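Trainee: Show me how the following folds:
(one chain, ligands or ions: 1)
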Amino acid sequence: MQTWVIGNWKQNPATSHEAGALVQGLLAAIDAKSAPIACQLMVAPSSIHLAAVSTQIKGTLLLAAAQDISAHSDSIGAYTGDCSAQQVADAGATWILLGHSERRQYHQESHEALIQKLSCALKQNLGVIFCIGETQAQYDDDQTLDVIDEQLSLIKDLLEQQLEIGNPLSERLLIAYEPVWAIGTGKVPTVAEVSATHQHIKQTLAGFSAELANISVLYGGSVNADNAQDFATDSMIDGALVGGASLKVESFLAIADAFGQNSE
Ligand code: PGA
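Mentor: Reported below is the predicted structural model:
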C-alpha cells in the first residue's frame, strides 16, 4: 500500500522567509538522496504561506495541503477571516486537514461546521485528511473505540452520499488517528494499541461501504525520527501526520524514509 508522510506546520514558521527556507532545504535534501523517497510527501503550511509554498513545490513530489477552510465555502462574501475551499485550491492546495483536535478545541469547531467543511472540500475536489482521536480522560476510561465510532459515524451519511454521486473517495480521503494526549507531548501509545485502533477504523469504514475498505489510516501524535520506524513497520499504519518533527528537514525526511521503506 502507498504510505503517506504529512507535515502539519500549524502556526509555524514565524516568517515567509523561514517557510521558504524550510521548503528549499527539504527539496535540496530530497534531491541529494541516492534513492527516491518511496512514500507520498505532503506539507500543510499556514494559509498565509500556502500560495508561496505551493509555487515553490510545483513540479516536485511534494503536495500541499491547507490547514482549514471556511464552513461557508459555497459562496464568496461576508465571512471575515475565512478562506474558502475554492480559495485554498486556487492557492495551490490539493488536500486539506479537517477535524484536527486543535481546531475542535481552540475554535470550538462543531460537528455541524465540520460536516459542512467536509462537504465543501469534497465538492471542490480537494483530498481530505480527516483527523479523529480521543482525549487523555477518554483514553484512561478505555473509551477510545467509542469516541472513534462516534466521530466516524458523524460523517457516514456524507461519505455515502459522495460515493453515490461517484466521488472516488478511496483517492480523496485519508483518516489520521491522533490521540489528543499524544499531540506535542512526547507521549505515544504503543504500536500495538495504534495498530488495533487502526484495524477498528478500517473495519468501521469497510462496514460503511466496500468502497471505503482501502482508505489509508495514518497515525499522528509525537511521531519523530526515533519512533517512526516502529510505527512504519506495522501493516495497519499507512503513514504519519507529523507536527513538531516536520519543521526540521532532517527529522521529517527520517520519518519519510521509515515509511518509504514500507511503501509498495
Ligand atoms: P506533533 O503534532 O507531531 O507535534 O505531536 C501532530 C499533529 O498535531 O498533527
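Trainee: Distance of T204 relative to L247?
Mentor: Using CB to CB, to the nearest Å, T204 is found at 32 Å from L247. For glycine as for every other residue, the C-beta is placed from the backbone atoms N, C-alpha and C.
Trainee: Same check on L118?
Mentor: Distance from L118 to L247, counting by CB to CB: 27 Å.
Trainee: Also A225?
Mentor: Taken as CB to CB, the span from A225 to L247 is 12 Å.
Trainee: Could you tell me the phi and psi values at A65?
Mentor: Main-chain dihedrals, A65, degrees, to the nearest 10: phi -120, psi 150.
Trainee: helix/strand/coil for A64?
Mentor: A64 carries the three-state label strand when classified by DSSP: H, G, I helix; E, B strand; the rest coil.
Trainee: just checking, it touches A44?
Mentor: Yes. The criterion here is CB atoms under 8 Å, and A64 meets it with A44 at 7.4 Å.
Trainee: Residues in contact with both of the two, list them for me.
Mentor: W95 (CB atoms under 8 Å, 6 or more residues apart in numbering).
Trainee: re earlier: so for L118 and L247, which sits in the more crowded spot?
Mentor: Between L118 and L247, counted using other CB atoms under 10 Å, L118 has the larger neighbour count: 24 against 17.
Trainee: Contacts only, for the residue in the chain positioned nearest to the ligand.
Mentor: In the chain, the residue that lies nearest the ligand is G243 (2.2 Å; CB to the nearest ligand atom). Taking CB under 8 Å, 6+ apart, we find G243 in contact with 8, 10, 183-184, 220.
Trainee: now, the most widely separated pair of those residues?
Mentor: K10 and G220 (11.8 Å; CB to CB).
Trainee: just so I have it, where are all the strands in this protein?
Mentor: In the chain, the strands defined using DSSP state E lie at 4-8, 40-44, 62-66, 95-98, 127-132, 173-177, 216-220, 239-242.
Trainee: Would you reformat the ones you listed as JSON lines and include distance to L145?
Mentor: Output for these, formatted as JSON lines (distance: least, CB to CB, whole Å):
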{"stretch": "strand 4-8", "distance to L145": "23"}
{"stretch": "strand 40-44", "distance to L145": "27"}
{"stretch": "strand 62-66", "distance to L145": "27"}
{"stretch": "strand 95-98", "distance to L145": "21"}
{"stretch": "strand 127-132", "distance to L145": "11"}
{"stretch": "strand 173-177", "distance to L145": "11"}
{"stretch": "strand 216-220", "distance to L145": "14"}
{"stretch": "strand 239-242", "distance to L145": "20"}
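Trainee: tell me the most buried of those strands?
Mentor: Comparing these on average neighbours per residue, with mean count of other CB atoms under 10 Å, the densest one is strand 239-242 at a mean of 29.
Trainee: Name the residues that touch that strand?
Mentor: 3-8, 39-40, 97, 129, 131, 174, 176, 178, 216, 218-220, 223, 228, 231-232, 252, 255, 259.
Trainee: Name the strands paired with that strand and say parallel or antiparallel.
Mentor: Partners of strand 239-242 in the sheet, by DSSP bridges, are strand 4-8 (parallel), strand 216-220 (parallel).
Trainee: Stretch 124-144 near the ligand anywhere?
Mentor: No. Stretch 124-144 stays clear of the ligand (CB under 6 Å from any ligand atom), getting no nearer than 7.1 Å.
Trainee: Let me see the mean pLDDT of that stretch.
Mentor: The pLDDT scores in stretch 124-144 average 97.
Trainee: how long is that stretch from one end to the other?
Mentor: Stretch 124-144 has an end-to-end distance of 32 Å (CA to CA, to the nearest Å).
Trainee: Quickly note the distance from G243 to I165.
Mentor: Distance of G243 to I165, computed by CB to CB: 34 Å.
Trainee: where does this structure have its least confident helix or strand?
Mentor: None of the helices or strands of the chain scores lower by mean pLDDT, DSSP states H and E than helix 101-106, at a mean of 90.
Trainee: Just the buried positions in that one, please.
Mentor: Using 16 or more other CB atoms under 10 Å as the test for burial, helix 101-106 gives 101-104.
Trainee: got it, and stretch 43-60?
Mentor: For stretch 43-60, a neighbour-count test (16+ other CB under 10 Å) marks 43-47, 49-54, 56-57 as buried.
Trainee: Cool, thanks, signing off.
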